[in-house]
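Chemist: Give me coordinates for this.
(2 chains)
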Amino acid sequence: GNSVTQMEGPVTLSEEAFLTINCTYTATGYPSLFWYVQYPGEGLQLLLKATKADDKGSNKGFEATYRKETTSFHLEKGSVQVSDSAVYFCALSVHNDYKLSFGAGTTVTVRA
Amino acid sequence: GAVVSQHPSWVICKSGTSVKIECRSLDFQATTMFWYRQFPKQSLMLMATSNEGSKATYEQGVEKDKFLINHASLTLSTLTVTSAHPEDSSFYICSARLPGLSTDTQYFGPGTRLTVL
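Modeler: Take a look at the predicted model:
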């Protein structure tokens, strides 16, 4: 089956610190990989995605590279801001059914 | 961008009653919508896939007679929790798949908090 394992939180950082959230996956077939973000009181929003090996998704200073050899899709940001405080979910879908399998989510808190 | 709304945003009901939650795609037509359930501090668990004009496909372990899904139009799917009990209390989230080039991108509603007393 399909599954996503994500670094447990919570993670607390100071502003301008480097953030990395690890994500590994198992999948039957060739998945697309996603990072979703859930800000307090809001619904999930797509942060970035990658659809094939070695693709790098990027948005709002966040990056993640699809690593097929290590089955990973780690999220990174070089300098976080208070506004990046949110819950981050790694997810995958296999193209044939478009169903998303989510990781457990990682709560990130950035302090000024 | 694509917007998905849910109504109500929160609901409190008595045990044994039924509750209907609406999910609407506001600026696009969604042939496929998904319903998820999120427990506190846990991930989203897919409950069912809702296809316009046909019966929903439920994930293993989800009671289809308890969680009734109707996708009557290209912009509306409803989830009815029948004979709700306290263990049904949860955060219910819908998403809609945007057809076209980004066929594997889903847009999520803000969620509905259900509390069953």
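Chemist: What strands line up against the worst-scoring helix or strand of chain B on mean pLDDT, and which way round?
Modeler: Each helix and strand of chain B was given a mean pLDDT (mean pLDDT, DSSP states H and E); the minimum falls on strand B:106-108 at a mean of 88. When pairs are called by DSSP bridges, strand B:106-108 turns out to pair with strand B:90-97 (antiparallel).
Chemist: Which residue is the nearest non-sequential neighbour of B:T82?
Modeler: In space, and not counting its chain neighbours, B:T82 is closest to B:S18: 4.8 Å by C-beta to C-beta, 6 or more residues apart in numbering or on different chains. Quick note: C-beta positions are derived from backbone N, CA and C, even for glycine.
Chemist: Now do the strands in the chain.
Modeler: All of this refers to chain A. All strands of chain A, identified by DSSP state E, fall at A:3-6, A:11-14, A:19-21, A:23-26, A:31-38, A:44-50, A:56-59, A:62-65, A:75-77, A:86-94, A:100-102, A:106-111.
Chemist: Chain B, not that one
Modeler: When assigned using DSSP E, the strands of chain B occupy the ranges B:4-7, B:10-13, B:19-25, B:32-38, B:44-51, B:57-58, B:67-73, B:76-81, B:90-97, B:106-108, B:112-116.
Chemist: Tabulate these (CSV), appending mean neighbour count.
Modeler: Conversion of the strands of chain B to CSV gives the following (neighbours: other C-beta atoms under 10 Å in any protein chain shown):
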stretch, mean neighbour count
strand B:4-7, 18
strand B:10-13, 14
strand B:19-25, 21
strand B:32-38, 24
strand B:44-51, 21
strand B:57-58, 17
strand B:67-73, 17
strand B:76-81, 21
strand B:90-97, 24
strand B:106-108, 25
strand B:112-116, 18
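Chemist: For A:H74, find the nearest of these.
Modeler: strand B:44-51 (20.3 Å; C-beta to C-beta).
Chemist: Is chain A within reach of that closest one?
Modeler: Yes. On the criterion C-beta under 8 Å from any C-beta of the partner chain, strand B:44-51 is in touch with chain A at B:L44, B:M45, B:L46, B:T49.
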